[in-house]
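*Asks:* quick check, what structure comes out for this input:
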Amino acid sequence: MGIHLLHGCAPTWVQHRQSFRNYVPENRLWTYLKSLEQKYVPWSKHGINHHVLTVDDSTQGAARACVLARELGHHVILFVNPLQIIRQVPYFFSLLDELLDQCANHTVTYGGIKYELYGLTVTRSLRRVLKADLLTISDEAALQRVRELAREFDAPDLNISHHAQTMSIDELREISSLGVEIANHGWSHLEISHLNHEQVAAHILDGQKWIQQEIGLPAEHYAVPFGTSFVSDAAQVLVRGITMLANSSLPQGELRPGQWNRFELTEELQKP
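*Replies:* Next up is the predicted model:
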């Protein structure tokens with residue numbers, strides 16, 4: 001069994017813009033899903049010859065990808081973060097991508113280093129540095145810090161593209177009614193390696209509880225935010241189904257009991 005991952009799609013996709021880096025063109029996703037001889041199916045430890053489709057994050061682009069999958073007869077699992085939906089705030093990394101797009105073809109200074117943002121290599125280098133710093137603080141603090149950086153970089157007016165905007169609870173309920181399986185991405189999009197056991201437990205359990213209350217169905221599976229960190233055995237016990245990672249440096253499949261690494265489809269579907 002292979003578990004595939006997307007972060008969503010956008011109807012008008014612009015190559016080399018940071019705000020589209022984790023999304024695929026909607027028409028290419030439709031063509032891909034239409035072309036498959038075997039439909040994506042629900043996860044099962046016995047489904048050796050079938051594939052599972054997962055989509056991460058509480059964005060409009062993620063919702064649209066799930067709707068396309070259901071329209072074409074595929075099962076799909078959507079991993080959501082309640083905090084972003086409840087507060088109707090964007091992910092800090094979405095705001096960061098918009099900031100970097102606005103700073104294209106400019107020179108900025110961060111941490112005493114000057115970055116000339118005239119190409120993808122330097123832009124993505126700066127993004128990695130900024131993201132590493134932002135991962136050490138809360139979602140709310142990270143959003144605030146990106147807004148401060150926008151003023152420092154002389155790009156104060158940040159507008160989130162529609163595909164990266166956060167879905168509402170009514171929109172989540174609507175796609176659930178279409179047969180999209182709603183699953184747990186944790187209470188918020190935190191890097192769990194920076195949390196202690198009690199914090200990881202709350203992160204998982206609070207997400208499960210909210211989905212049960214608001215959607216009326218149990219959240220069977222959990223996807224690790226940012227995809228690279230394993231959960232402890234004690235935390236894995238809290239997950240009803242399996243934990244899913246997205247670590248391109250590791251092999252696909254079950255790497256630890258109950259913890260599976262997924263294959264990212266995005267780069268393949270972004271190709272012309």
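*Asks:* tally of neighbours for the nearest residue to Glu191 once chain neighbours are set aside?
*Replies:* Among residues not flanking Glu191 along the chain, Leu135 sits closest, at 4.4 Å (C-beta to C-beta, 6 or more residues apart in numbering). In short, each C-beta sits where N, CA and C put it, glycine included. Neighbour count for Leu135, taken as other C-beta atoms under 10 Å: 17.
*Asks:* could you do the one 3 residues further on as well?
*Replies:* Residue crowding around Ser138 was assessed by other C-beta under 10 Å; the count is 14.
*Asks:* is the spatially closest residue to it that is not a sequence neighbour in a helix, a strand, or coil?
*Replies:* In this structure, Ser138 finds its nearest non-sequential neighbour in Leu190, 7.3 Å apart by C-beta to C-beta, 6+ apart. Following DSSP: H, G, I helix; E, B strand; the rest coil, the label given to Leu190 is coil.
*Asks:* cool, and Arg70?
*Replies:* Put simply, Arg70 is helix when judged by three-state DSSP.
*Asks:* measure the residue nearest to Ser138 to Gly258 for me?
*Replies:* 21 Å (C-beta to C-beta, to the nearest Å).
*Asks:* go on, Val108?
*Replies:* Between Val108 and Gly258 the distance is 43 Å, computed by C-beta to C-beta.
*Asks:* any idea of the mean pLDDT for the helix ranked longest in the chain?
*Replies:* If you go by DSSP state H, the chain has its longest helix at helix 197-215. What helix 197-215 shows for mean pLDDT is 97.
*Asks:* list the helices and strands that helix packs on?
*Replies:* On a contact count with 3 or more C-beta pairs under 8 Å, 6 or more residues apart in numbering; DSSP states H and E, helix 197-215 meets helix 82-87, helix 169-177, strand 181-184, strand 222-223, helix 233-236.
*Asks:* name the stretch among the ones you listed that sits most buried.
*Replies:* Burial of the helices and strands packed on helix 197-215 is given as mean neighbour count (mean count of other C-beta atoms under 10 Å); strand 222-223 ranks first at a mean of 28.
*Asks:* who are the packing partners of that one?
*Replies:* strand 181-184, helix 197-215, strand 243-245.
*Asks:* if we go to 10 Å?
*Replies:* When contacts are defined as 3 or more C-beta pairs under 10 Å, 6 or more residues apart in numbering; DSSP states H and E, strand 222-223 packs onto strand 51-56, strand 77-80, strand 181-184, helix 197-215, strand 243-245.
*Asks:* among the ones you listed, which is nearest His221?
*Replies:* Ranking these by distance to His221, with C-beta to C-beta as the measure, places strand 181-184 first at 4.5 Å.
*Asks:* and stretch 69-87, how far out from the chain's middle?
*Replies:* Offset of stretch 69-87 from its chain centre (C-alpha atoms, centre = their mean, to the nearest Å): 10 Å.
*Asks:* avg pLDDT for it?
*Replies:* Rounded mean pLDDT across stretch 69-87 is 98.
*Asks:* surely Gln236 meets Trp260?
*Replies:* No - with contact defined as C-beta atoms under 10 Å, Gln236 does not count as touching Trp260 (11.4 Å).
*Asks:* list residues touching both of those two?
*Replies:* Common contacts of Gln236 and Trp260, defined by C-beta atoms under 10 Å, 6 or more residues apart in numbering, comprise Ile242, Thr243.
*Asks:* check the burial of the residue nearest to Ser138 by counting its neighbours.
*Replies:* If we define neighbours as other C-beta under 10 Å, then Leu190 has 21 of them.
*Asks:* how near is it to Asp139?
*Replies:* Distance of Leu190 to Asp139, given as C-beta to C-beta: 7 Å.
*Asks:* identify the contacts common to those two.
*Replies:* With contacts defined as C-beta under 10 Å, 6+ apart, the residues adjacent to both Leu190 and Asp139 are Asn81, Leu83, Pro225.
*Asks:* okay, domains of this protein per the record?
*Replies:* The record's domain split for the chain, according to automatic domain parsing, is 2-88+162-270, 92-152.
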